[in-house]
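Peer 1: with the input below, show me the fold.
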Amino acid sequence: MRRLIWHDQTLNTAIHWQCSDGQLEELARLLAGLGIRQADICLNGWRRYCPDLKGVQKYLSLRGRTSLAEPELGLAEQLGMKGVALVCNAARQDRFNLLLASAMRDADRRCLQSSLQLEDISVLSAPELAVIAEQVNGYDVASIIYDDRKAKGDPLSAFEQLVIIIRKVNCPAEVCLGNAFGLATANSLAAVKAGITHITTAVAGIGGYAPWEEVVFAVKQLLGFDCALPQDMAGICQQAAAVLELSIPESKAIIGQSIFAHESGLHVDGVIKSPELYEPFSPELVGLKRQLIIGKHSGSIAIKTKFSAWGIGLEDIECKHLLDRVRTLAVKKKAAITDIELQQLYRSSLKEQNYART
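Peer 2: Numbering: from 1, shown residues only. I've put the predicted structure just below:
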């Protein structure tokens, strides 16, 4: 089974947003906790405020991204990077060979591994891809990067193009995919099926890239790859977003805090009896827990299950009285009932029942 390698862009976004050195190091630590070991950094973006990357490099191996037309290879060497990605537009081949030859000589002199990142490559035809592959094969590049950050491709065309590239070039191929139309995860899966093993992602899709958690979980569940998932995967992703002062939507696929929340009475009954029919995977796989939301749509099963988790067994008559109170409060609040409110309603109901008996 092929081993997948993740090239992170979350850190690059943090640098673009001019996060502090401490924030960058903490983010790198969290990324390493997810099993991510490499990150690509835009050298031009780094120049804007020159953060110290020594703390980051304790956790991640960095590759500098720079323009082929004006490569900043000296800066990459100065920052202790082992490689660079030379970026150029695939559709514009003016002086391509001359520029690449010059950059490769300079990179070799500095002992930097050079990858070639081709922007807008998704718009090229098969014959045009073959021409580029022939040109690339004339140089000792570490890899060729299929760059579709503008999200012009789709899974079918991406698969077909990547199969051609893999067959034609003499070096490994990578993908760097944008998520403007919500296809980055699907395009990444197509890339893996085509034979790609190096994939650019970002936690929660931050910065407009393929969401790491979606891609890693999909290749594990759907394509059968042996990808190790940290026990608190969702929590670590939440922490990484928090470092950037962002919050992940509760409904976010794979890691959203409320994606396993259930309220409707019939629905809750079904989830309790056969969770596999209602949930695509076990919440524990990503460090989440199933939540029973108590509100105006709740039924007796949800109430009994909730109290059973607290070690309290409700009789049918108790549950009926309590459910009436829950629905009244939920309608009045126009929102779900919190656990504290539910417990208060229960105590109030008990007092009334005891008073009625006396």
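
Peer 1: sec struct for Leu62, please.
Peer 2: Secondary structure assignment for Leu62 (DSSP: H, G, I helix; E, B strand; the rest coil): strand.

Peer 1: can you count the residues close to it?
Peer 2: Applying other C-beta atoms under 10 Å, we find 22 residues neighbouring Leu62. Using the backbone N, CA and C atoms, a C-beta is placed for each residue, glycine as well.

Peer 1: who's in contact with it?
Peer 2: Taking C-beta atoms under 8 Å, 6 or more residues apart in numbering as the contact definition, Leu62 lies against 38-41, 53, 56, 79-82.

Peer 1: between these, which is nearest Asp106?
Peer 2: Nearest to Asp106 among these: Met81, at 13.9 Å, using C-beta to C-beta.

Peer 1: still on that earlier bit, and the buried ones among the contacts of Leu62, selectable in PyMOL?
Peer 2: To isolate the buried ones among the contacts of Leu62 in PyMOL, judged by 16 or more other C-beta atoms under 10 Å, type:
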select buried, resi 38+39+40+41+53+56+79+81
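
Peer 1: test my guess that Ile144 contacts Leu116.
Peer 2: Yes - using C-beta atoms under 8 Å, Ile144 is in contact with Leu116, at 5.2 Å.

Peer 1: which neighbours do the two have in common?
Peer 2: The contact sets of Ile144 and Leu116 overlap at Val136 (C-beta under 8 Å, 6+ apart).

Peer 1: just to revisit the earlier point, can you lay out the contacts of Leu62 as CSV showing distance to Leu27 and pLDDT?
Peer 2: Formatted as CSV, those follow (distance: C-beta to C-beta, whole Å; pLDDT from 0 to 100):
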residue, distance to Leu27, pLDDT
Gln38, 14, 98
Ala39, 9, 98
Asp40, 14, 98
Ile41, 12, 97
Leu53, 12, 97
Val56, 8, 98
Leu79, 17, 97
Gly80, 18, 96
Met81, 18, 97
Lys82, 20, 94
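
Peer 1: show me the contacts of Leu62 that map onto strands.
Peer 2: Applying DSSP state E to the contacts of Leu62, the entries found in strands are 38-41.

Peer 1: in a strand, Leu288, correct?
Peer 2: No - assessed by three-state DSSP, Leu288 does not belong to a strand; its assignment is coil.

Peer 1: gap between the closest residue to Val163 other than its chain neighbours and Arg167?
Peer 2: Nearest residue to Val163, sequence neighbours excluded (C-beta to C-beta, 6 or more residues apart in numbering): Ala194, at 5.0 Å. Per C-beta to C-beta, to the nearest Å, Ala194 is found 10 Å from Arg167.

Peer 1: the more surrounded of the two?
Peer 2: Ala194 (20 against 12).

Peer 1: what residues of stretch 171-182 count as buried?
Peer 2: For stretch 171-182, a neighbour-count test (16+ other C-beta under 10 Å) marks 171-179 as buried.

Peer 1: including pLDDT, secondary structure and distance to Ile301, could those residues go into a markdown table?
Peer 2: As requested, the buried residues of stretch 171-182 are exported to a markdown table (pLDDT from 0 to 100; DSSP: H, G, I helix; E, B strand; the rest coil; distance: C-beta to C-beta, whole Å):
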| residue | pLDDT | secondary structure | distance to Ile301 |
| --- | --- | --- | --- |
| Cys171 | 95 | coil | 58 |
| Pro172 | 95 | coil | 53 |
| Ala173 | 97 | strand | 52 |
| Glu174 | 98 | strand | 50 |
| Val175 | 98 | strand | 46 |
| Cys176 | 98 | strand | 48 |
| Leu177 | 97 | strand | 43 |
| Gly178 | 96 | strand | 44 |
| Asn179 | 96 | coil | 39 |
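
Peer 1: could you dump these to a markdown table with distance to Phe307?
Peer 2: Below are these laid out as a markdown table (distance: C-beta to C-beta, whole Å):
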| residue | distance to Phe307 |
| --- | --- |
| Cys171 | 62 |
| Pro172 | 57 |
| Ala173 | 56 |
| Glu174 | 53 |
| Val175 | 50 |
| Cys176 | 51 |
| Leu177 | 47 |
| Gly178 | 48 |
| Asn179 | 43 |
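
Peer 1: pLDDT below threshold where in this protein?
Peer 2: Within the chain, the ranges that satisfy pLDDT under 70 run 1, 264-267, 353-358.

Peer 1: can you list the domain ranges for it.
Peer 2: The chain breaks down into these domains under automatic domain parsing: 5-243, 261-357.

Peer 1: out of these, flag the one nearest Ser251.
Peer 2: Of all these, domain 261-357 sits nearest to Ser251, with 9.3 Å by C-beta to C-beta.

Peer 1: how about the strands in the stretch 201-350 of the chain?
Peer 2: 261-262, 291-292 (DSSP state E, counting those that start in this stretch).

Peer 1: buried deepest among those, which one?
Peer 2: Of all the strands of the stretch 201-350 of the chain, strand 261-262 carries the top mean neighbour count, a mean of 19, counting by mean count of other C-beta atoms under 10 Å.

Peer 1: that strand pairs with which strands?
Peer 2: Sheet pairing of strand 261-262 (DSSP bridges) gives strand 291-292 (parallel).

Peer 1: distance from the chain centre to the partner strand, please.
Peer 2: Centroid separation for strand 291-292 versus its chain: 24 Å, with C-alpha atoms, centre = their mean, to the nearest Å.
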